[in-house]
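In: Sharing a model that was predicted from the sequence below.
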Amino acid sequence: MPPQVWNANFMALSPMFGSFLQFKEYIESMREWPTYDDFNHLNALKGYEMRTQSDKSICFVPPHASKVGVEGSYETGIYLTGEIPTRFGNWHDFFNALVWQVFPIAKSVLNYLHFHSQHLESAHNFKQRSPLRDAVTIFDESGVIVVSSSVKLISMLKAFCWEELFWNERSAVLSEMRFYVFGHGLYEKALNPYIGMTGKGMCFHVQSSFFEQAVPEQLAAVDVMLRLHLLESFSSNADLTPVPLLGYPDWDKNNNDKSYYRNKNYFRNRPT
């Protein structure tokens with residue numbers, strides 16, 4: 001799909017957009033790019049007020065001139081005011097706004113971690129970003145949440161046993177494992193999927209009853225899981241595991257053949 005051309009039916013392009021299906025009717029009614037008011041109205045329709053960890057109400061606003069230094073940074077501005085600068089007619093910022101709607105708690109925690117880390121770095125005159133802020137940035141852009149009721153399947157994914165997982169255990173993956181894309185950068189890539197698309201995953205073990213819930217309820221539960229993990233356990237990129245997204249059954253029309261998973265340029269034994 002051409003870049004920056006509005007397509008209200010983008011969800012039909014890939015199952016990777018499944019987390020947004022709850023907004024399908026609202027988005028597909030738009031003939032042109034949604035405005036800031038559209039995003040703010042969508043939040044009002046949900047009946048849930050998104051707030052930062054500093055207890056500021058979230059709203060989407062046009063980009064504005066940034067001030068110099070930590071106090072003028074993008075993340076600090078969101079933390080202190082609740083205002084999220086959002087470029088009009090831009091897929092990257094569009095998906096960022098939608099992820100805020102799906103995972104409002106986790107996004108507010110990521111914003112807090114950015115804010116807190118930036119101020120620590122500034123106070124101690126660090127020349128480089130901390131491992132935590134690097135990891136927060138990567139997950140925010142390229143994160144994928146892996147949820148499974150099977151410890152075995154999670155172990156196979158973490159061990160890079162791609163053919164065994166996605167082919168030999170295909171039926172189990174479909175019934176006992178879900179991928180939820182988090183990173184707005186990944187969503188932008190999903191407009192034109194390509195072999196090589198890889199997310200940075202966080203894995204959670206759940207009870208089988210988790211999958212009996214409707215998808216919005218699943219996503220809300222994941223949002224809470226993410227909050228606890230991000231605040232209590234997340235510290236660096238080592239906490240993320242590579243996830244070749246197009247390996248998930250039917251996320252690529254070509255992955256219904258065993259040979260698909262023998263492409264070692266994509267399904268590597270170890271990450272590069």
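Out: Thanks, I have the structure now.
In: Quick check: buried residues in the top strand by length along the chain?
Out: Criterion DSSP state E: the longest strand present in the chain is strand 198-205. By 16 or more other Cβ atoms under 10 Å, the buried positions in strand 198-205 come out as Thr198, Gly199, Lys200, Gly201, Met202, Cys203, Phe204. Quick note: C-beta positions are derived from backbone N, CA and C, even for glycine.
In: Who are the contact partners of the nearest residue to the fifth one once chain neighbours are set aside?
Out: In this case it means Met202. In space, and not counting its chain neighbours, Met202 is closest to Ile145: 5.7 Å by Cβ to Cβ, 6 or more residues apart in numbering. Residues in contact with Ile145 (Cβ atoms under 8 Å, 6 or more residues apart in numbering) are Phe179, Tyr180, Phe182, Gly201, Met202, Phe204, Val222, Leu226.
In: swap in Gln213?
Out: Gln213 neighbours (Cβ under 8 Å, 6+ apart): Ala221.
In: Same question for His184.
Out: By Cβ under 8 Å, 6+ apart, the contact list for His184 reads His92, Asp93, Phe95, Asn96, Leu98, Val99, Asp140, Glu141.
In: redo that, cut-off 10 Å
Out: His184 is in contact with 91-100, 107, 140-143, counting by Cβ atoms under 10 Å, 6 or more residues apart in numbering.
In: By neighbours, which of those wins?
Out: Gly143 (27 neighbours; other Cβ atoms under 10 Å).
In: check contacts around the closest residue to that one other than its chain neighbours.
Out: Spatial nearest neighbour of Gly143, excluding adjacent residues (Cβ to Cβ, 6+ apart): Phe182 at 3.7 Å. Each residue near Phe182 by Cβ under 10 Å, 6+ apart is listed here: 19, 99, 102-103, 106-107, 110, 139-145, 199-202, 222-223, 226.
In: Show me the shaky parts of the stretch 101-250 of the chain.
Out: 121-127 (pLDDT under 70).
In: where do the strands sit along it?
Out: 143-148, 177-181, 198-205, 241-244 (DSSP state E, counting those that start in this stretch).
In: Which positions in the second one come out as buried?
Out: Put plainly, it is strand 177-181. Using 16+ other Cβ under 10 Å as the test for burial, strand 177-181 gives Met177, Arg178, Phe179, Tyr180, Val181.
In: and the closest residue to the second one other than its chain neighbours, how many residues sit next to it?
Out: To tie it back to what came earlier, the one meant is Arg178. Nearest residue to Arg178, sequence neighbours excluded (Cβ to Cβ, 6+ apart): Val147, at 5.0 Å. Using other Cβ under 10 Å, Val147 has 21 other residues around it.
In: can you tell me how far Val147 sits from Phe166?
Out: According to Cβ to Cβ, to the nearest Å, Val147 and Phe166 sit 16 Å apart.
In: Likewise for Tyr187?
Out: 21 Å.
In: and what of Glu141?
Out: In terms of Cβ to Cβ, Glu141 sits 24 Å off from Phe166.
In: who touches Ile231 in this structure?
Out: Slight slip there: residue 231 is Leu, not Ile. Gln53, Val109, Tyr112, Leu113.
In: Glu25: neighbour count?
Out: When counting by other Cβ under 10 Å, one arrives at 8 neighbours for Glu25.
In: what do you get for Gln53?
Out: 17.
In: what's the helix or strand for it?
Out: Taking DSSP states H and E as the definition, one finds Gln53 inside no helix or strand.
In: what residues are up against it?
Out: Tyr79, Ile105, Ser108, Val109, Leu110, Asn111, Tyr112, Leu113, Phe115, His116, Arg227, Leu231.
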